[in-house]
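A.B. asks: Structure of the sequence below:
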Amino acid sequence: VQLVESGAGLVQPGGSLRLSCAASGFTFDDYGMSWVRQAPGKGLEWVSTISWNGGGTYYAESMKGRFTISKDNAKNTVYLQMNSLKPEDTAVYYCAKDSVAYSDPMNEYDYWGQGTQVTVSS
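C.D. replies: Numbers count the residues shown, from 1 in each chain. Modelled structure (predicted):
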């Protein structure tokens, strides 16, 4: 299994970025995917999850209305569109694969990407 994030960048407050996570080595269609972030000096924070069939999307309260998660099964890729970015969104963003296929979101992951840095600063 490989998860490779991309889309790192420096953006001004109020700006947008789109992160991508290209997956391989498993049947992508069968698993939910999540984004988790870690700000400097802080612990891991769950950001968003999309269900295995794309029918359900879930967000941490502070991301609702600003972030959108999506899943392209044809490209084996999960995306995180981030709008109205704030300095407190600065973090390393990781994508993670659900540990159980066809499951409701449980925030249990068995594989993680290497992370991609997002910096929001003027």
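A.B. asks: Chain neighbours aside, what residue packs nearest to V36?
C.D. replies: Y94 (5.0 Å; C-beta to C-beta, 6 or more residues apart in numbering). Glycine gets a C-beta too; all of them are placed from N, C-alpha and C.
A.B. asks: quick one, what contacts the one you found?
C.D. replies: Neighbouring residues of Y94 by C-beta atoms under 8 Å, 6 or more residues apart in numbering: 5, 35-38, 44, 112-116.
A.B. asks: Partner strands of the host helix or strand of it and their direction?
C.D. replies: For Y94, the host element (DSSP states H and E) is strand 91-98. Strand pairing for strand 91-98, using DSSP bridges, gives strand 33-38 (antiparallel), strand 109-112 (antiparallel), strand 116-120 (antiparallel).
A.B. asks: For P13, find the nearest of those strands.
C.D. replies: strand 116-120 (5.8 Å; C-beta to C-beta).
A.B. asks: Show me which residues of that closest one are buried.
C.D. replies: Across strand 116-120, burial judged by 16 or more other C-beta atoms under 10 Å covers 116, 118-120.
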